[in-house]
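Engineer: Provided below for reference: sequence and predicted model.
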Amino acid sequence: MQRREDLPLDLRRRFLSGRAALDLTHTGGEGQYAVWEIIHGPEDLSQWLGVILEVDGIRASPQDLPPLRGLRAAITRAARGAAVGRALPAGDVATINAAAAAPPLVPVLRPKLPPAYAEPTAAAALSTLARDAIDLFSSPLADRIRVCAAPDCGLLLVDTSRPGRRRWCSMQRCGNLAKVRHYRHQGNDQ
Ligand SMILES: [Zn+2]
């Protein structure tokens, strides 16, 4: 069982966006996002969907990879567009809606045990993530999707803070680096 909090900081910060759907976009992608790719096969898919959704034992097969890439690219474009005030692309909306139409993960109540999911599959997990994307893009939080302010970062985040001043994917990483830079800069001026 792997959890966000057990990951080294540089990986963990990919999964701190505040929304599962955005965390998914940090697992890799097309073009400039290919350098982030960590899902190379079904085992990776099972592992990283498990970290994002906190679900153990997700069954994944090679057939799940194309739908993953399609949904991930759609959410990535939609979210990065939203971060700069752009309307959601119609093709991406259709991709997200199609993924959400599949049966999602089914929670199971287990008295005196943490909740679990009945026979979790990657296909169901992708539906659950598409539904999270629909919920996010339909809510006022869609206007709070941002790109981390650190110039060398590029991760997305949802600012759920009341004042709306969250700027960093991770205070520990990008927030601190900015503080250090600011400090050095001040030092140079003296
Ligand atoms: Zn960052």
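Structural biologist: Good, I have the coordinates. Residues are numbered from 1 along each chain as shown.
Engineer: buried sites along the longest helix along the chain?
Structural biologist: For the chain, the helix that runs over the most residues, judged by DSSP state H, is helix 65-83. For helix 65-83, burial by neighbour count (16 or more other Cβ atoms under 10 Å) applies to 65, 67-68, 70-80, 82-83. For every residue, glycine as well, the C-beta is placed using N, CA and C.
Engineer: how about the residues of this protein near the ion?
Structural biologist: Residues of the chain lying near the ion by Cβ under 5 Å from the ion: C148, A150, C153, L155, C169, C174.
Engineer: what sits against the third one?
Structural biologist: In other words, C153. V147, W168, C169, R173, C174 (Cβ atoms under 8 Å, 6 or more residues apart in numbering).
Engineer: let's see it at 10 Å
Structural biologist: R13, V147, W168, C169, S170, R173, C174, L177, A178 (Cβ atoms under 10 Å, 6 or more residues apart in numbering).
Engineer: what does the fourth one give?
Structural biologist: The contact partners of L155, taken as Cβ under 10 Å, 6+ apart, are 13-17, 22-23, 25-26, 36, 146-148, 168-170, 173-174.
Engineer: Check P67 too.
Structural biologist: T95, A98, A99, A102, A122, A123, L126, S127, A130.
Engineer: how far away is it from A74?
Structural biologist: 11 Å (Cβ to Cβ, to the nearest Å).
Engineer: try V106
Structural biologist: For V106, the distance to A74 - Cβ to Cβ - is 24 Å.
Engineer: Q2 too?
Structural biologist: 26 Å.
Engineer: quick one: the strands in the chain?
Structural biologist: Counting by DSSP state E, the chain has strands at residues 107-108, 116-117, 145-147, 156-158.
Engineer: In JSON lines: these, plus distance to G50.
Structural biologist: Listed next are these as JSON lines, based on distance: least, Cβ to Cβ, whole Å:
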{"stretch": "strand 107-108", "distance to G50": "15"}
{"stretch": "strand 116-117", "distance to G50": "10"}
{"stretch": "strand 145-147", "distance to G50": "24"}
{"stretch": "strand 156-158", "distance to G50": "20"}
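Engineer: who touches the closest residue to D143 other than its chain neighbours in this structure?
Structural biologist: Leaving aside its chain neighbours, D143 sits nearest to A82 (7.7 Å; criterion: Cβ to Cβ, 6 or more residues apart in numbering). Contact partners of A82, counting by Cβ under 10 Å, 6+ apart, are L88, L136, F137, L141, A142, D143, R144, I145, R146, L156.
Engineer: same thing with N176?
Structural biologist: A150, W168, S170.
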